[in-house]
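A.B. asks: Take a look and give me a structure for this.
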Amino acid sequence: MISYLITDPKYYGNSKQSITRALFQTAKKHKIDYACLRDKDARNYEDLAKIFIATCKDLNIKPILHTFWQKTAILGAYGVHFSTKDFENIPLAKAENLFTVASAHSLQEANEALLFGVDLITISPIFYVENKNKPLGLEKLKEITDKIPNKCIALGGILENSQIHTCKEAGAIGYASIRYFLK
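C.D. replies: Residues are numbered from 1 along each chain as shown. Below you'll find the predicted structure:
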């Protein structure tokens, strides 16, 4: 299964040192295919992105930047993760030869992302996450993956190996998490 770490300044900090330290510590414990720098409020996002990208490459992890697609190619990241409000920018990122990931919270949003040519789709939230939408659950995940095979990654409330296993059984080709990788 594809493993996709998503950072959050609450857990990974937003300094060059904290991001680097967290990535190295996490990579010692877990296999990580992709990692996304997600910090919507960082004033120093570009500086963080540079060290994040370099550290990911040192660890053989494909670095993904969240939302800031215009700088992704320039900074040397592998790809970009789009929120639902930014799907129309997916073709622009694809034109820059960037790998693209899109967030979706329904079959309709997932299909919309596909129309724009996205490479992978995170479906969320699957499990309960405090202060997030009501969980979609495994049945809805299966419904989406049945209609969109080989593109969907489960996201949201994934904390245990058993949850990863049940997401795989529901048809997800991978999982994404913030907190799972901290264990």
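
A.B. asks: hang on, Phe116 packs against Leu92?
C.D. replies: No: contact between Phe116 and Leu92 fails when scored by Cβ atoms under 8 Å: they sit 9.7 Å apart. All C-beta spots, glycine's among them, are computed from the backbone N, C-alpha and C.

A.B. asks: between these two, who's got more neighbours?
C.D. replies: Remark: of Phe116 and Leu92, Phe116 carries more neighbours, 18 against 15, as counted by other Cβ atoms under 10 Å.

A.B. asks: From Ile123, how far off is the closest residue to the more buried one other than its chain neighbours?
C.D. replies: Leaving out its chain neighbours, the residue that sits closest to Phe116 by Cβ to Cβ, 6 or more residues apart in numbering is Ile90, at 3.8 Å. Distance, Ile90 to Ile123, using Cβ to Cβ, to the nearest Å: 17 Å.

A.B. asks: Between the two, tell me which one has more neighbours.
C.D. replies: Ile123 (30 against 24).

A.B. asks: Test of understanding: give the bridge partners of that one.
C.D. replies: Ala104, Ala154 (DSSP bridges).

A.B. asks: ok, it touching Leu136?
C.D. replies: Yes: using Cβ under 8 Å, Ile123 is in contact with Leu136, at 6.8 Å.

A.B. asks: quick one: common contacting residues for the two?
C.D. replies: His105 (Cβ atoms under 8 Å, 6 or more residues apart in numbering).

A.B. asks: Retrieve the pLDDT associated with Val129.
C.D. replies: Val129 is assigned 80 on the pLDDT scale.

A.B. asks: Next, find the distance separating it from Phe82.
C.D. replies: On the measure of Cβ to Cβ, Val129 and Phe82 end up 20 Å apart.

A.B. asks: More neighbours: those two, which one.
C.D. replies: Between Val129 and Phe82, Phe82 has the larger neighbour count (other Cβ under 10 Å), namely 24 against 17.
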